[in-house]
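Asker: When you get a sec, could you give me coordinates for this:
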Amino acid sequence: MDCPSEEQMIRMKLADLTNINFLDFDIANRQLNVFHSGNYDQIFQRLDSLKFDTLLIDSVLADNYISTTNNKVQERKLLWQVLAINFFFFALELTTGFMSNSMGLTADSLDMLADSIVYGLALFAVSGTMTRKKNIAKSAGYFQIILAIFGFIEVVRRFIGLETVPSFKTMIIISTLALIGNGLCLFLLQKSKSKEAHMQASMIFTSNDVIVNIGVIIAGGMVYLTNSKYPDLLVGTVVFFIVGHGAIKILKLSK
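Answerer: Residues are numbered from 1 along each chain as shown. Here you go, the predicted structure:
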């Protein structure tokens, strides 16, 4: 294995083998530890077909397999943590978004809801096969696309209709709190160093959220300077563009 792209090729090649429990990659030393049940012949044949000069070093009972189980326990705990953070800020931003008439906060709250659903789905994928994890990422991507479409429709409606100027103070304060929450989520996800599709999807969503929070804060400042609803609506448009762009990344990741 020379690079991460080869790792992804290997994961894809072995994705539908249900007897594989865990793949432990050591790219620097060009080694792969496969934790599996049953015979390893089919696994070796698939790896050999990739023409990576596959060589069987050893096959032993995985007495320390408990370490991989612990990894899954830690991953599940992490997902519960980021789910709780995202759902809390979904409720907070949705409530304050309606109270302050801010499309930016409302849009970001829906993005937080989408992330909460993604993390919830990922919890079901922790103990699943590679194929199931990719399917989870794919479902999340399609959900984001649907969310983006409905978001654009609402933005257009507000551009055309008569809307009051949103509260810039609420926009800035709530988005700053959400930025801190998303920063914490991103730190926890990156700390896990997971390369699996559903966890990579989670990191993409959270990275998008950080950008969105900064955008809403800037929009709040522009609302204050211009006394206009348009900066808020513009950032709402950008939010749903980011949601759609993130969805495309997720769908590519799940292939």
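
Asker: Please name the nearest non-neighbouring residue to Gly183.
Answerer: Val210 (6.4 Å; CB to CB, 6 or more residues apart in numbering). No exception for glycine: its C-beta is placed from N, CA and C like everyone else's.

Asker: How about Lys13?
Answerer: Closest to Lys13 by CB to CB, 6+ apart is Arg46, at 5.0 Å.

Asker: May I see the buried residues of the helix or strand hosting Leu251?
Answerer: For Leu251, the host element (DSSP states H and E) is helix 230-253. By neighbour count with 16 or more other CB atoms under 10 Å, helix 230-253 contains the buried residues 231-240, 242-244, 246-247, 249-251, 253.

Asker: so which helix or strand takes in the closest residue to Gln190 other than its chain neighbours?
Answerer: The spatially closest residue to Gln190, leaving aside those adjacent along the chain, is Met203, at 6.7 Å (CB to CB, 6+ apart). Assigned by DSSP H and E, Met203 belongs to helix 197-226.

Asker: as a whole number, average confidence for the helix holding Leu251?
Answerer: The average pLDDT for helix 230-253 rounds to 80.

Asker: do the same with stretch 138-147
Answerer: 79.

Asker: Restrict it to CA atoms and write it as CSV.
Answerer: Extracted as CSV, the C-alpha positions of stretch 138-147 are listed here (Å, rounded to 0.1, in the frame of the first residue of the first chain):
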residue,chain,number,x,y,z
LYS,A,138,-25.2,7.4,0.6
SER,A,139,-28.5,7.8,2.4
ALA,A,140,-27.2,10.8,4.3
GLY,A,141,-26.0,12.4,1.0
TYR,A,142,-29.4,12.0,-0.6
PHE,A,143,-31.1,13.5,2.5
GLN,A,144,-28.8,16.5,2.3
ILE,A,145,-29.8,17.1,-1.3
ILE,A,146,-33.5,17.1,-0.5
LEU,A,147,-32.8,19.5,2.4
